[in-house]
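Chemist: compute the structure for the input listed below.
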Amino acid sequence: MRLLTILILIIGFVFPAYSDTGKVSEYKLPNGLKLIVKEDHRAPIIVSQIWYKVGASYEPDGISGISHALEHMMFRGTKKYGPGVLKKIIADNGGAINAMTDCDYTMYYEVLAADKLPLAFELEADRMHGLLLDPQLFEKELQVILEEWRMRTQDNPQAKTYERFAAVANISSPYRRPVIGWHSDIQHLTVQDLRHWYQTWYAPNNAIIVVVGDVQPNQVYRLAEEYFAPLKANIIPQLKPQLEQQPLGERTLVVNAHAELPWLIMGYNVPTLKTADKEWKAYALEAASAILATGNSSRLAKQLIRGQQVAVAADADYPLYGRLDGLFLLEGTPAPKHGVKQLQQAFLQQIRQLQTTLVTKEELARIKAQLIASKVYNKDSIENQAAEIGSLEAVNLSWHEADQYIRHIEAVTPQQIQDVAKQYLVKDRLTIGVLQPLKSRDKNAH
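Modeler: I've put the predicted structure just below:
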């Protein structure tokens, strides 16, 4: 019996709860709101998430960061509940509340006892149409956002480098803009900007509610009708195609910043599952990334860190689920006796190996088993289950894709991995970013 099959059977036998993904029910209200409910009766709790199809990639130049700023203001009070009341109500009921903004969506969530779901729906329905957006509160919150920018970007040399790297690697794609926004844009946001953004995108027909936990789907649907059906739909703007320009050659940038260590990031423009002309190509890129960087037996760990000792850290990443084309990334920190150039050559050698030598069946079986195990173990968290559903739906992929992941990964062949490496991981599609510590440069200058 094949190694992959054996490992899958072991996972299902030892951890049967992980193998049961639970029943999923899907509904749509007359006002366009989509509701997806997944049953998980292992504990009397629920997570309720509401996903709005708007994020940094929706923002025009000049108001970058507005989706993130609006996320902050969603906690600063509604006409019904004053500033700070929402968090207090959830805390008083033993729950947790938070949010996140990404390139393609903004998501808000509550984790509560199962019988408290009506509370989550009441609060989110109120926030969907009754946000306060007080100018004085926004001025205060703007300082909080700017401080967050300073901590996450200005004072983080790798984050600062990635911000500039993404702007170079994405020529026409809106992914070139940072989620938190450009500093000058954040400074000049107004409450009128936020109000227009809120009135444009925050509507039931631009939202997906995902509930996972100890619930009965029909009861959840009736609650959704009670709290959200009275809300009116908006005319949601239809975005123009925002396709990345055909890459015409390698791009390189150097960021000089105060840092302890140099850092290298390399990215190839690649399709995601949403944009690939054939879906197998996306899963082959997913497998290629895993071969390079999943687990201690991955190629980067075994060959670059422990073997050649050219890196003290090395990683790879591929965004399988995205609204637009993405970047196949390689990043790492060179070892003390090696430089960025040597690490860059080592990364390129790893790519050439994918292009010229077929992955062995044994290595591919091991990687598939690791990917599948990770996917199965992910089901242990109701928050992760909900996020998997919502993140797919928010980029106009179906939640069914999550259930197809294992089948698609199992089907990837060594030849397919080599084919996508030859097609996409090529010099014309490559952007190289280098973080050059200022102290190192100054020292060498003397």
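Chemist: from now on I want contacts and neighbour counts done on CA atoms only, so please keep to that.
Modeler: Noted.
Chemist: what's near enough to touch the residue nearest the centre of the chain?
Modeler: Geometric centre of the chain, nearest residue: Asp102, 6.5 Å, by CA atoms, centre = their mean. Contacts for Asp102 were tallied using CA atoms under 8 Å, 6 or more residues apart in numbering; they are 55-56, 179.
Chemist: now with 10 Å, please.
Modeler: 54-57, 67-68, 178-180, 391 (CA atoms under 10 Å, 6 or more residues apart in numbering).
Chemist: considering these, which possesses the most neighbours?
Modeler: Among the contacts of Asp102, Ser67 has the most neighbours (other CA atoms under 10 Å), with 30 neighbours.
Chemist: any buried residues in stretch 46-54, and which?
Modeler: Applying a neighbour-count criterion of 16 or more other CA atoms under 10 Å, one finds 46-54 buried in stretch 46-54.
Chemist: one more: stretch 415-427?
Modeler: 416-421, 424-426.
Chemist: tell me which other helices or strands the strand or helix carrying Phe138 touches.
Modeler: Using DSSP states H and E, the element containing Phe138 is helix 135-149. In terms of contacts (3 or more CA pairs under 10 Å, 6 or more residues apart in numbering; DSSP states H and E), helix 135-149 is packed against helix 66-73, helix 183-187, helix 191-201.
Chemist: how far does the helix or strand following the longest one sit from the chain's center?
Modeler: Just to be clear, that refers to helix 191-201. Per DSSP H and E, the first helix or strand lying C-terminal to helix 191-201 is strand 207-213. Taking CA atoms, centre = their mean, to the nearest Å, one finds the center of strand 207-213 at 17 Å from the center of the full chain.
Chemist: tell me the strands beside strand 207-213, with direction?
Modeler: If you go by DSSP bridges, strand 207-213 pairs up with strand 34-39 (parallel), strand 45-52 (antiparallel).
Chemist: what's the pLDDT at Gln415?
Modeler: Gln415 carries a pLDDT score of 98 in this model.
Chemist: on that earlier part again, can you check the pLDDT for the residue nearest to the centre of the chain?
Modeler: Looking at Asp102, its pLDDT is 98.
Chemist: please apply the same query to Gly22.
Modeler: Reading off the model, Gly22 has pLDDT 82.
Chemist: also Gly12?
Modeler: At Gly12, the model reports a pLDDT of 47.
Chemist: from here on, call the first residue 52.
Modeler: Yes, from this point I'll number from 52; that puts the last item at Gly63.
Chemist: quick one: the strands in the stretch 352-497 of the chain?
Modeler: Assigned by DSSP state E, counting those that start in this stretch, the strands in the stretch 352-497 of the chain fall at 362-368, 377-385, 481-488.
Chemist: present those as CSV; the columns should include distance to Gln187 and mean neighbour count.
Modeler: Formatted as CSV, the strands of the stretch 352-497 of the chain follow (distance: least, CA to CA, whole Å; neighbours: other CA atoms under 10 Å):
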stretch, distance to Gln187, mean neighbour count
strand 362-368, 41, 20
strand 377-385, 38, 23
strand 481-488, 39, 22
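Chemist: which among these is found nearest to Glu330?
Modeler: Closest approach to Glu330 among these (CA to CA): strand 377-385, 14.6 Å.
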